[in-house]
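Asker: Sequence below, structure please.
(one chain, ligands or ions: 1)
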Amino acid sequence: MKQTELQALLADMSLEEKIGQMVQLTGDFLGQEGIVTGPEGRIVVTPEQARLTGSILGVSGADKLRAIQEQVLAGQPHHIPMLFMLDVINGFKTIFPIPLAQGASFEPELAKRGAQIAAAEASAAGVHLTFAPMLDLVRDARWGRVMESPGEDPFLVGAFAEAMTKGFQGDKLSDKGKMAACLKHFAGYGYPEGGRDYDNVELSERTFRDAFLPGYRKAVEAGVAMAMTSFNTINRVPSSANRWLMRDVLRGEMGFDGVLISDYDAVGELVSHGIAADDREAAKLAILAGVDIDMMSPCYLNHLQELVESGEVEERLIDEAVMRILKLKNDLGLFENPFKDADEAEASRLILCDSFRREAREAAAKTFVLLKNEDAILPLSAAADETVLLSGPYCTERRICGAWSFPDTYDNIPNVLERVAEGLSGSALKAEYAPGCSVTLRGSILKDKPEEGMTHEETEKAIREAAEKAAGAGKVILFLGERFYQTGEGSSRTELSLPGMQMDLLRAVSSVNPNVITVVFSGRPLVMTEIEQLSKAVLMVWMPGTEGAGAIADVLLGKREPEGRLSMSLPFAAGQEPLYYNRFRSGRPRFSSEDIKGYKVGYIDIDYWPHHPFGYGLGYTEFTCSPVKLSADTLEAGGSITASVTVKNTGKRAGSETVQLYLRDAAGSVVRPVRELKGFTKVRLQPGECREVAFTITEEMLRFTRLDMRFASEPGDFEVFIGHDSLTENKAVFRLQA
Ligand code: NOJ
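Answerer: Alright, predicted model coming up:
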């Protein structure tokens, strides 16, 4: 449709029809079963309201959605097609590793490809829009939703924001296999007090702008079609009522011109927040703030019409919102083809096809972070004539895709035991298996699913059996981890430890066999200190997705190397959280190296810094990095300088290194971070091979929100760090000219 036709359509719509477009319900309200991701209790819908509803969430399936669309088109006075939305986070049915793991790949192209595959599958299943990418900067591992973010660094989050948005949306939303994306959760949801989900966020405007906004901004620049308000408050204003945030910052400054949707019942929750007396006032605050679609609350549904009729809300605001929604439907091509790509045959051809599975497997290995590898115990040597004991709950666990994944069945997700056995066949190695323990304990007093798992007594027996087998084995590989739903929405934790009796299994096994390799599944950074003390090698595999088990076998057996680097700092103790590398400098101690590293405000019982810093991770070979060379030692506004190093593979295998560039402002009008990631690149080198890696530095990269609140640079000295991780000391200095 042309813009003039959209305008004519809007002009012809009744107020009820327009408000219907601004309401989103779950499929249940149209008699459809689907995924329900929040409370439904307060909503009562009349048949007329259901008929006018503009979008639903949580339903997929080509035939099902075709049938709904036919019903909608027949019932709608203007035959306006409905929008179908769903949480397609790290995959639709072929699931990639969780976003935090994808961040650890330092390979935005991987996330782009994951999003393309997800869009191909989901759009064939009739879905038009995904509630992704999630771009909340995360700094506190206790928060359950860290798994959904690319990580703790603004530059990294921004790189993934752009890649994922482009992956889902392609060049044109109406193209086959593409779907609209939705950046979320605007804004600052990733920094709730104490890491407690939905809690308040208190941030200075300067830090909010410099650290938290850049990721979302990159998605807007990449043309993201929708944005979602966050549940939290920012400086005591809940996002769905925050006019400054939505109208001035998101639309005004960032130039977002797509549809703004609330999070699930977030408009209704303005009453719980205590800034609206009732649903009516909540509806008014939300429309004034610029929320176009009210997801799953009764506010717009029941009160928007009377607010307009009483003159409290100008109809102009409704028209603007509806025009944005109609435009999105039009961009998706729904007026011409209301079913878009919905096609059962195509969906069953694409979903979980061999090539998607293969790509998911390759991607997973790129996200694994090798934390320790003493005596180069990994990769396993296929020629060794020895027994390898496989033990621990993740040997047989199939729920390894993360909390925001909804496979139709877990039966076709291979487990570790199957894939490692397959990998070992044909080698001299023999695998043995002992269950060891369950993830959590049955009857536990903690909230972790006390009805599941082994009892304490059963576990003690299983651990004894595992230890007996371990004593006779050449090596032991333990597959341990958090339960898959211990991260995700509403899943914050106070402890960053392995649940149940998994540490007892590790202690028992390592006391009889020195060659323990521990593979850890998790949706967040965990405290790994004791795990590392008791293991020769530790591999973090996050929640690795549909083909994660195959990728683990590939990495253990050396068919692939683990390429991941930490996307969040790993703490020594949960009490260090929030923990992130790009901290602000402080007054004490003066001029020590800790000051440069930034971890100086510390504790008396543990070290100040993280156990492993952001950017850290080992591979199966070693690299050296030459001193930083600068093309000039001064930079002029409008100009650029080049900072370069030569990286050499000094080991015996081909491998890849993630070379990271950090900058540090020597002095600014406000306190600056100790260093900030400004570039990264991955190089793959053969043994003995060298490559020069160069980064261009421009004045734009040095800008920040200054004392005068202008986003601009300030002349002076800057340090350039290039190396393996965020603690590298390999540096040079240049001066930005006035
Ligand atoms: C609530 C979550 O916060 C959001 O991320 C999700 O997209 C919606 N529910 C819809 O499921």
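Asker: helix or strand for the residue of the stretch 301-450 of the chain found nearest the ligand, which one?
Answerer: With CB to the nearest ligand atom, the shortest gap between the stretch 301-450 of the chain and the ligand falls at Trp404, namely 7.9 Å. Where you see a C-beta, it was placed from the backbone N, CA and C, and this is true even at glycine. Following DSSP states H and E, there is no helix or strand that holds Trp404.
Asker: ok, the residue of the stretch 51-200 of the chain found nearest the ligand to Gly472 distance?
Answerer: The ligand sits closest to Phe131 of the stretch 51-200 of the chain, with a gap of 3.4 Å, by CB to the nearest ligand atom. According to CB to CB, to the nearest Å, Phe131 and Gly472 sit 51 Å apart.
Asker: Check Glu221 too.
Answerer: 59 Å.
Asker: Looking at those two, which is more packed in?
Answerer: Per other CB atoms under 10 Å, whichever of Glu221 and Gly472 has more neighbours is Glu221, with 15 against 11.
Asker: so what's Phe231 up against?
Answerer: 185, 189, 198, 238-239, 263, 266, 269 (CB atoms under 8 Å, 6 or more residues apart in numbering).
Asker: The same query, at a cut-off of 7 Å, please.
Answerer: When contacts are counted by CB atoms under 7 Å, 6 or more residues apart in numbering, Phe231 touches 185, 189, 198, 263, 266, 269.
Asker: tell me the contacts of the second one?
Answerer: By CB under 7 Å, 6+ apart, Tyr189 lies in contact with 136, 230-232.
Asker: closest to the ligand among these?
Answerer: For the ligand, the closest of these turns out to be Phe231, at 6.3 Å, with distances computed as CB to the nearest ligand atom.
Asker: From one end of stretch 131-147 to the other, what's the distance?
Answerer: The first residue of stretch 131-147 is 15 Å away from its last residue (CA to CA, to the nearest Å).
Asker: From Ser240, how far off is the residue in the stretch 201-350 of the chain positioned nearest to the ligand?
Answerer: Per CB to the nearest ligand atom, Tyr264 is where the stretch 201-350 of the chain lies closest to the ligand, at 3.8 Å. Tyr264 sits at a distance of 11 Å from Ser240 (criterion: CB to CB).
Asker: So for those two, which residue has more residues nearby?
Answerer: Ser240 (35 against 24).
Asker: Helix, strand or coil: sort out the more buried one for me.
Answerer: Secondary structure for Ser240, judged by DSSP: H, G, I helix; E, B strand; the rest coil, is helix.
Asker: Looks like it contacts Ala289 (just checking).
Answerer: Yes. Counting by CB atoms under 7 Å, Ser240 does reach Ala289; the two are 6.5 Å apart.
Asker: circling back to that earlier point, OK, contacts around the residue of the stretch 301-450 of the chain closest to the ligand?
Answerer: So Trp404 contacts 87, 89-90, 148, 488 (CB under 7 Å, 6+ apart).
Asker: Looking at neighbours, which among those is most surrounded?
Answerer: Highest neighbour count within the contacts of Trp404, by other CB under 10 Å: Asn90, with 32 neighbours.
Asker: Quick one: name the residues of the stretch 201-350 of the chain near the ligand.
Answerer: Applying CB under 6 Å from any ligand atom, one finds that the stretch 201-350 of the chain approaches the ligand through 263-264.
Asker: ok, which stretches of the stretch 201-350 of the chain are strands?
Answerer: Ranges of strands in the stretch 201-350 of the chain, per DSSP state E, counting those that start in this stretch, are 226-229, 233-234, 237-238, 259-261, 294-295.
Asker: Grab the nearest non-local neighbour of the residue of the stretch 201-350 of the chain closest to the ligand.
Answerer: Spatial nearest neighbour of Tyr264, chain neighbours left out: Gly38 (3.7 Å); criterion: CB to CB, 6 or more residues apart in numbering.
Asker: Now do that neighbour against Arg280, distance only.
Answerer: Separation of Gly38 from Arg280 (CB to CB): 21 Å.
Asker: Break the protein down into its domains, please.
Answerer: Per automatic domain parsing, the structural domains of the chain span 3-10+21-347, 374-546, 616-736.
Asker: quick one: which of those is nearest Leu566?
Answerer: Leu566 lies closest, by CB to CB, to one member of these: domain 616-736, at 5.0 Å.
Asker: hang on, the earlier thing: now narrow the contacts of Trp404 to whatever sits close to the ligand.
Answerer: Residues of the contacts of Trp404 in contact with the ligand (CB under 6 Å from any ligand atom): Asp87.
Asker: which one among the contacts of Trp404 gets closest to Ser355?
Answerer: Relative to Ser355, the closest of those is Asn90; by CB to CB it sits at 17.8 Å.
Asker: picking up where we left off before, now do the contacts for the residue nearest to Tyr264.
Answerer: With contact set as CB under 7 Å, 6+ apart, Gly38 has these partners: 264-265, 296.
Asker: Which strand or helix spans it?
Answerer: Under the assignment given by DSSP H and E, Gly38 is not contained in any helix or strand.
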